[in-house]
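>>> this is a predicted model, with the sequence first.
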Amino acid sequence: MVRLLARGLRRAGVDAPVTSALARLISGELPLDDWVSFVRTTTPPPARFRAGFWRRAWERVRGWFSRDARRAS
């Protein structure tokens, strides 16, 4: 399963080094100690959302509910 996931991510152009390394670990191509050190040294990519994304999203959701409350009154 992990091997298929790693292959699908690679074909989709998604960089997933930990998943690829896990597939290699399960298949026996990578020793456990090497995988653990790889996971510990891998840094996640920066967040893709701009600053304020969640604030704007929350305000939009609150607006939906406040409009519904006004209509019901």
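Good, I have the coordinates.

>>> show me where pLDDT drops low in the chain?
For the chain, applying pLDDT under 70 flags the ranges 47-51, 67-73.

>>> what about the helices in the protein?
For the chain, applying DSSP state H gives helices covering 2-11, 17-27, 32-41, 53-72.

>>> other SSEs contacting the third one?
Right, helix 32-41. Under the contact criterion of 3 or more C-beta pairs under 8 Å, 6 or more residues apart in numbering; DSSP states H and E, helix 32-41 touches helix 17-27. C-betas here are computed from N, CA, C, even on glycine.

>>> okay, angle between the helix it packs on and helix 32-41 too, please.
Angle between the axes of helix 17-27 and helix 32-41 is 170 degrees (criterion: axes from the mean of the first three to the mean of the last three C-alpha atoms, to 10 degrees).

>>> CA atoms only for helix 17-27, dumped as PDB, please.
C-alpha atoms of helix 17-27 as PDB (Å, rounded to 0.1, in the frame of the first residue of the first chain):
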ATOM      1  CA  PRO A  17      10.400  12.100   0.700                       C
ATOM      2  CA  VAL A  18       9.300  10.600   4.000                       C
ATOM      3  CA  THR A  19       6.600   8.400   2.300                       C
ATOM      4  CA  SER A  20       9.100   7.400  -0.400                       C
ATOM      5  CA  ALA A  21      11.700   6.500   2.200                       C
ATOM      6  CA  LEU A  22       9.000   4.500   4.100                       C
ATOM      7  CA  ALA A  23       8.200   2.500   1.000                       C
ATOM      8  CA  ARG A  24      11.900   1.700   0.700                       C
ATOM      9  CA  LEU A  25      12.100   0.700   4.300                       C
ATOM     10  CA  ILE A  26       9.200  -1.700   4.000                       C
ATOM     11  CA  SER A  27      10.600  -3.200   0.800                       C
END
